[in-house]
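Asks: Okay, predicted coordinates and the sequence, questions at the end:
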Protein chains: 2
Amino acid sequence: MKKIAISIGDPNGVGLEIILNSHAEISKICEPIYCVHHTLLERAAQILRQELPKGMRTYPSGEVCFIRPGKVDRESGHYSYRSFLSAIELCEHKEADALVTLPIHKEAWSLAGIEHKGHTDMLRERFKQDAIMMLGCERMYVALFTEHIPLKEVAARVDTHSLYDFLMAFAPNANRESVAVLGLNPHAGDNGVLGNEERMIEEAISHANRMLGYNAFVGPMVPDIAFTPRVREKYRYFIAMYHDQGLAPLKALYFDEGINVSLNLPIVRTSVDHGTAFDIAYKNIASNLSYLNAIKSALAQIDKRNL
Amino acid sequence: MKKIAISIGDPNGVGLEIILNSHAEISKICEPIYCVHHTLLERAAQILRQELPKGMRTYPSGEVCFIRPGKVDRESGHYSYRSFLSAIELCEHKEADALVTLPIHKEAWSLAGIEHKGHTDMLRERFKQDAIMMLGCERMYVALFTEHIPLKEVAARVDTHSLYDFLMAFAPNANRESVAVLGLNPHAGDNGVLGNEERMIEEAISHANRMLGYNAFVGPMVPDIAFTPRVREKYRYFIAMYHDQGLAPLKALYFDEGINVSLNLPIVRTSVDHGTAFDIAYKNIASNLSYLNAIKSALAQIDKRNL
């Protein structure tokens, strides 16, 4: 069975509880290695008033911390970062085949003096490669051309060359299915009346298609029509020009099941697509659907790489 | 029964066919006045190979035109404009209680030398009032703070005063239900890290709530979370900062049933929320769900104004 390194996320959030509640199920399909102290699993089980599942393989690092359900603190921020680092190392040393991450808390990272904005940024810097952030589920995936930047900076980022590079890096992940590329402006610019960035998007698409030798990309599509049922019937992969353009429709349609995938990296990495959910942590009500899907997607990607 | 003036939209699109196929149903709930020549209804019925429904009251204006299914032309653009004008006049002269519009084609208007970008813009100019464009259906309505402008111009439009005015104009339409107001940036700015327009949105909301004396508005909400099932359970009305932020999720969820409502005008006006659909015109396959909902919504608003 494939080994999956699992970083536990913020110990004060829903990560540990999801891990405990899913161990039985996921150990049927993979060999999980939990980057956490065994003591911390015990503490979490105690708070949740449940038995610790048997046979959980751990890979601890640094010092153990306390659990303070729902609290933003330095200690838990630091712990979640260590867990993430250890999981990456397991993948780098080929002791694990993929990395699945549970949610960290950005403010807790910042309190702990960690400067990365999040998992994906840290991976980008560590591997010096332009990771592509893709979110979604089997029925619909959205890759983001720009991510966590203010809306007013988005339009200036759209240019033929960087979009062309993005498309070429994305192409191998779509299994030769046609990918829908969104326009930037309302009505995709309405022939230039509502903006003209679509000309560059069109150019990038046609260059990429010519280079790849098939119609890999279709667009620029009218953004508010792209996610209607008739279009979704035809495409599984979408490329959004900015964060909310893609993620608002995605989450409106498929909230609980979504996952986050980092493409274009030397290691396979998937993640749940929700936050630490401090408000419901340790109440035994967090859904583990996104986590199960993240594990399954990681396994599928390992297989794809081994082809 | 209430009288509804109906503008037929572009004769080459799906408007006339929707009118013919819905007459029996809508005449049970209102008295429709079709702003069209009887001859044109006959021609449409002929192309569709169906009988003309009995008792269709018409209010023609200008000269009749030919029908050229799916064609963008000057003549049909002009005709659709005349039909729209007549319907407005019926409302102004109190010969109709509300106006329901079918889709026009912007390029056809432009060929006919009509300078307005669309129905709403024309109404705004005619009544010299800042109409609010709201789209949706009974379960979810989205009002747009900015509409048909390039994405790069959106951020600069967000300021406390204009948003405050918008909120105060919108408030009477929400039946004292709380209205969700979206942020502008990813994660609603993440405390200023991803943009700071949210501070102005917050200010506008709190001024408006203070002025109204109740919590009319809630936000700024994280845009990609605002349309998830858990939030939609709590709110029926949403205010989006820009076109695709609100309409992409809305159309992903409720495409066929959506309508377009113009608020803050002296007359009641609703519209279907689809285009001329030239590709399927006169094939007897266009859905009339949006049209029926537009009629019902117009009737509901007449009742509200008469309270």
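Replies: That came in fine, so what should we check first? Numbering: from 1, shown residues only, chains lettered A, B, ... in the order given.
Asks: which stretches of the stretch 201-307 of chain A form helices?
Replies: Using DSSP state H, counting those that start in this stretch, the helices of the stretch 201-307 of chain A run over A:229-232, A:243-253, A:289-306.
Asks: what residue lies at the spatial centre of chain A?
Replies: A:N260 (2.1 Å; CA atoms, centre = their mean).
Asks: so that one sits right up against A:M134, yeah?
Replies: Yes - look at A:N260 against A:M134 with CB atoms under 8 Å: they come within range, at 7.4 Å. C-beta here means a position set from N, CA and C on the backbone, and glycine is covered the same way.
Asks: Could you chop chain A up by domain?
Replies: A:1-131+A:265-307, A:132-258 (automatic domain parsing).
Asks: what about the last one, average pLDDT?
Replies: pLDDT averaged over domain A:132-258 equals 95, rounded to a whole number.
Asks: Now do the residue nearest to A:A24 when sequence neighbours are not counted: how many residues are near it, please.
Replies: Leaving out its chain neighbours, the residue that sits closest to A:A24 by CB to CB, 6 or more residues apart in numbering or on different chains is A:P53, at 6.1 Å. Neighbours of A:P53 under the rule other CB atoms under 10 Å in any protein chain shown: 15.
Asks: helix, strand or coil for A:P53?
Replies: The three-state assignment at A:P53 reads coil, by DSSP: H, G, I helix; E, B strand; the rest coil.
Asks: before we move on, back to that, distance of the residue nearest to the centre of chain A from A:M133?
Replies: Distance, A:N260 to A:M133, by CB to CB, to the nearest Å: 7 Å.
Asks: same question, A:P150
Replies: Distance, A:P150 to A:M133, by CB to CB: 17 Å.
Asks: neighbour-wise, which of these two wins?
Replies: Shown here are A:P150 and A:M133; by other CB under 10 Å, A:M133 has more neighbours (25 against 18).
Asks: so how many other residues sit close to the residue lying closest to A:D279 once chain neighbours are set aside?
Replies: Leaving aside its chain neighbours, A:D279 sits nearest to A:G70 (6.8 Å; criterion: CB to CB, 6+ apart). Applying other CB under 10 Å, we find 15 residues neighbouring A:G70.
Asks: A:L135 - how many residues pack around it?
Replies: Using other CB under 10 Å, the number of residues around A:L135 comes to 23.
Asks: Same check on A:R305?
Replies: Residues near A:R305, counting by other CB under 10 Å, number 10.
Asks: And A:K283, its phi and psi?
Replies: With angles defined as degrees, to the nearest 10, A:K283 sits at phi -110, psi 10.
Asks: re the thing from before, give me the beta-bridge partners of the closest residue to the residue nearest to the centre of chain A other than its chain neighbours?
Replies: When the adjacent residues along the chain are set aside, A:N260 lies closest to A:S271, with 4.2 Å between them (CB to CB, 6+ apart). For A:S271, the beta-bridge partners are A:T101, A:N260 (DSSP bridges).
Asks: follow-up on the earlier one: now list whatever residues contact both of A:N260 and A:M133.
Replies: Common neighbours of A:N260 and A:M133 (criterion: CB atoms under 8 Å, 6 or more residues apart in numbering or on different chains): A:T120.
Asks: Show the contacting residues for A:F84.
Replies: A:7, A:35, A:101, A:104, A:119, A:122.
Asks: Pick the one among these closest to chain B.
Replies: Closest approach between the contacts of A:F84 and chain B, by CB to the nearest CB: A:I104, at 14.0 Å.
Asks: show me the contacts for the closest residue to that closest one other than its chain neighbours.
Replies: Using CB to CB, 6+ apart and skipping residues adjacent in sequence, the residue nearest A:I104 is A:S80, 4.4 Å away. A:S80 makes contact with A:7-11, A:15, A:104-105, A:108-109, according to CB under 8 Å, 6+ apart.
Asks: gap between A:S80 and chain B?
Replies: Separation of A:S80 from chain B (CB to the nearest CB, to the nearest Å) stands at 18 Å.
Asks: Doesn't that residue lie inside a helix?
Replies: Yes - under three-state DSSP, A:S80 falls within a helix.
Asks: quick one on the thing from earlier: wait, isn't the residue nearest to A:N260 in contact with A:G118?
Replies: No - under the criterion of CB under 8 Å, A:S271 makes no contact with A:G118, lying 9.7 Å away.
Asks: between these two, who's got more neighbours?
Replies: Between A:S271 and A:G118, counted using other CB under 10 Å, A:S271 has the larger neighbour count: 27 against 17.
Asks: In contact with that one, which residues?
Replies: By CB under 8 Å, 6+ apart, A:S271 lies in contact with A:100-103, A:119, A:259-262, A:294.
Asks: quick one, phi/psi of A:A143?
Replies: Torsion angles at A:A143 (phi, psi; degrees, to the nearest 10) stand at phi -100, psi 140.
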